[in-house]
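[1] I need the structure of the sequence given here:
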Amino acid sequence: MPILETYKKQAKQLLRWHRDRNYSVGGRIRQLPRYHDVTDHESLALNFKLTEAQEIIALEAGYGSWAALRAAAEFYRDRLGLRVDFLHGHPPFYGSVSRACAALHLRFVHEPVLAADTAREEGLIMAFIEARNVKELYAEYLAAGVELAQKLTKHAWGGTDLTVRQLDGNTVAFVG
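    Numbers count the residues shown, from 1 in each chain. Take a look at the predicted model:
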């Protein structure tokens, strides 16, 4: 199941729990700054909407807004062609994405490991993924509008690779 669909279902479930007067939603609603001081009882009296449930789900997933969560999910799924294998934690802090027989395990960190400007200037790559047909992948990513940090390059050592820039500025190289 695509990750965005999972998040949509979680938001709808949160909305149902609110309508069913489940007090467990109070703490989650208080994550929104505008509701920081409401009691559980007061949270159930709110005119709670799906957009607010989506906002909470996005925050729990580590995104500042539903739009940011949606953009990230669509980028990895629709542009890079990756499938979410699993997420761990609440909110998720560890997970795996894959494509064909390659998997990439990711871990959330609060601060960048490298300064973004340094990574960009030095051409630092955060991960390398072996690809069977890197030329085909290159054409696919160009058509999808993926930002390339390095176009398809044939190296003296015999390999060919390309490097894509993720939404957060990190780079991933696909090597053939």
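[2] rest of the way, CA atoms for contacts and neighbours
    Noted.
[3] can you list the domains in this protein?
    3-78, 111-175 (automatic domain parsing).
[4] mind putting these in CSV, distance to residue 105 included?
    Shown next, in CSV, are the domains of the chain (distance: least, C-alpha to C-alpha, whole Å):
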stretch, distance to residue 105
domain 3-78, 13
domain 111-175, 10
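[5] could you say which helix or strand contains the closest residue to residue 63 other than its chain neighbours?
    The shortest distance from residue 63 to any non-neighbouring residue, by C-alpha to C-alpha, 6 or more residues apart in numbering, is to residue 69 (5.6 Å). For residue 69, the host element (DSSP states H and E) is helix 66-74.
[6] Pull that helix out as PDB, backbone CA atoms only.
    Provided in PDB are the C-alpha atoms of helix 66-74 (Å, rounded to 0.1, in the frame of the first residue of the first chain):
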ATOM      1  CA  TRP A  66       0.100  17.900   5.200                       C
ATOM      2  CA  ALA A  67       1.300  19.400   1.900                       C
ATOM      3  CA  ALA A  68       5.000  18.700   2.800                       C
ATOM      4  CA  LEU A  69       4.200  15.100   3.700                       C
ATOM      5  CA  ARG A  70       2.200  14.700   0.500                       C
ATOM      6  CA  ALA A  71       5.100  16.200  -1.600                       C
ATOM      7  CA  ALA A  72       7.600  13.900   0.000                       C
ATOM      8  CA  ALA A  73       5.500  10.800  -0.500                       C
ATOM      9  CA  GLU A  74       4.800  11.700  -4.100                       C
END
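[7] quick one: buried residues of whichever helix or strand comes after it?
    Heading C-terminal from helix 66-74, the first helix or strand you meet, by DSSP H and E, is strand 83-88. Neighbour-count burial for strand 83-88 flags 83, 84, 85, 87 (criterion: 16 or more other C-alpha atoms under 10 Å).
[8] Out of the residues you listed, which comes closest to residue 22?
    residue 87 (25.3 Å; C-alpha to C-alpha).
[9] The closest residue to that closest one other than its chain neighbours sits in which helix or strand?
    Nearest-residue entry for residue 87: residue 95, 4.2 Å, with adjacent residues in sequence omitted and distances by C-alpha to C-alpha, 6+ apart. In this structure, residue 95 sits in strand 94-99 according to DSSP H and E.
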